[in-house]
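> Could you work out the structure for the sequence below:
(one chain, ligands or ions: 1)
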Amino acid sequence: MLERRPENMERIATPEQAKAYIEEQLAALRAQIGDKKVLLALSGGVDSSVVAALLIKAIGKQLVCVHVNHGLLRKGEPEQVIQVFRDEMDANLIYVDAVDRFLDKLAGVTDPEQKRMIIGKEFIDVFAEEAHKLEGIEFLAQGTIWPDILESEAGIKAHHNAGGLPEDLNFELVEPVRILFKDEVRVVGKELGLPDNMVYRQPFPGPGLGVRCPGAITRDRLEAVRESDAILREEFAAAGLEGKVWQYFTVVPDFKSTGVKDGKRTFDWPCIIRAINTTDVMEVTVEHLPDEMIDRLVQRITTEVQGINRVLYDYTPKPPATVEYE
Ligand code: XMP
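Predicted coordinates for the structure are as follows:
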């Protein structure tokens, strides 16, 4: 398996190139792994999904996927991971429902950095617990991609591998998309038969919806984020904007305002819509939506989402605002 992307490697852009890469990787994976077992944290994101699909093809049930549902995933995501990998690809998938565990640990925690820390640490703990229950695992698969290596070498960000697994989990790494750029991972994923909404997913932060539920996370407000996000994604898809706008999501801040419904006073949260475009995420511009689309979003979100009586649109570029709220 190559450690570094060859200088002269052609950018993978066509199904034929993807096919050739897949064949090469299948042979390399089988040679590296033999009859041993491999563990993979499968989030459902593009990189880990493509790694899973490659390994399922190469070694089938010798791959053990662990999907941790921390309660901060988007609507339908855990279900899709189970459907695609367990039902359709017949993978060896362990689904861990850790929703209560995460939300209990996060209850009352308002500091954004502390929230991130709890989510990160808890994830490693859950994953390590699952790993300890398994026997005979010798390899850990990771969705490391080439920009991760370049950025960590340039000192821009620490390479977020498995997030610092405990030392006693002494695995050899398997990184079958390590020399690929993101767009190439998508082409390979498509060729492997993964669904479009998995392959062309927008970026999604590790702490998930937790950073879009500012302040102390409560189950009802988190649900309002999840439901409004699902409506936003539906409307973007219906308007043909899926894959065209770089990132779009909703945020439900921790304050309430007065409203009126059916002649009665309400006191509910606002829902903030954010839709942005960028190339490098260092600088970001705001996507301006057609008035009719905004009207429809306001109508749907205020009627379909429990606890929302106002919809706001965030027109702030980055800088001065970051993309996420925490
Ligand atoms: P910010 O908020 O820093 O976001 O302007 C820039 C991009 O990075 C994503 N993001 C994250 N991705 N883990 C991730 O994997 C994180 O903790 C995280 N925080 C922000 C964000 O969604 C945006 O695309």
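
> C-alpha only now, for contacts and for neighbours.
Fine.

> dump the residue contacts of Ala13.
183-184, 187 (C-alpha atoms under 8 Å, 6 or more residues apart in numbering).

> if I look at it, how far off is Arg186?
9 Å (C-alpha to C-alpha, to the nearest Å).

> the domain parsing of the chain - what is it?
15-199, 218-313 (automatic domain parsing).

> Check which residues of the host helix or strand of Tyr21 are buried.
Taking DSSP states H and E as the definition, Tyr21 sits inside helix 15-33. Buried residues in helix 15-33, counted by 16 or more other C-alpha atoms under 10 Å: 17-19, 22, 25-26, 28-29, 33.

> Extract the C-alpha trace of the longest helix seen in the chain and format it as CSV.
Identified as the longest helix of the chain according to DSSP state H is helix 112-133. Output in CSV follows, covering the C-alpha atoms of helix 112-133 (Å, rounded to 0.1, in the frame of the first residue of the first chain):
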residue,chain,number,x,y,z
PRO,A,112,-18.3,24.9,23.2
GLU,A,113,-14.8,23.6,23.7
GLN,A,114,-15.9,21.4,26.6
LYS,A,115,-18.8,20.1,24.5
ARG,A,116,-16.4,19.1,21.7
MET,A,117,-14.0,17.5,24.2
ILE,A,118,-16.7,15.4,25.7
ILE,A,119,-18.0,14.2,22.4
GLY,A,120,-14.5,13.4,21.1
LYS,A,121,-13.5,11.5,24.3
GLU,A,122,-16.7,9.7,24.6
PHE,A,123,-16.5,8.5,21.0
ILE,A,124,-13.0,7.1,21.6
ASP,A,125,-14.2,5.4,24.8
VAL,A,126,-17.2,3.8,23.1
PHE,A,127,-15.1,2.6,20.2
ALA,A,128,-12.4,1.2,22.4
GLU,A,129,-14.9,-0.6,24.5
GLU,A,130,-16.3,-2.3,21.4
ALA,A,131,-12.8,-3.1,20.1
HIS,A,132,-12.0,-4.8,23.5
LYS,A,133,-15.0,-7.0,23.1
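
> For whichever helix or strand comes after that helix, what does the pLDDT average out to?
Sequence-wise, the next helix or strand downstream of helix 112-133 (DSSP H and E) is strand 137-141. The average pLDDT within strand 137-141 is 95.

> Of all the residues in strand 137-141, which ones are buried?
137, 139-141.

> same question, stretch 100-113
102-103, 106, 112.

> Are it and the ligand in contact anywhere?
No: Stretch 100-113 stays clear of the ligand (C-alpha under 6 Å from any ligand atom), getting no nearer than 9.7 Å.

> where does the protein have its least confident helix or strand?
Using mean pLDDT, DSSP states H and E, helix 146-153 stands out as the lowest-scoring helix or strand of the chain, at a mean of 88.

> What pairs with whichever helix or strand comes after it, parallel or antiparallel?
Beyond helix 146-153 on the C-terminal side, the first helix or strand identified by DSSP H and E is strand 172-174. Paired strands of strand 172-174, with direction, are strand 137-141 (parallel) (DSSP bridges).

> now the partner strand against helix 112-133, angle please.
150 degrees (axes from the mean of the first three to the mean of the last three C-alpha atoms, to 10 degrees).

> Cool, thanks, signing off.
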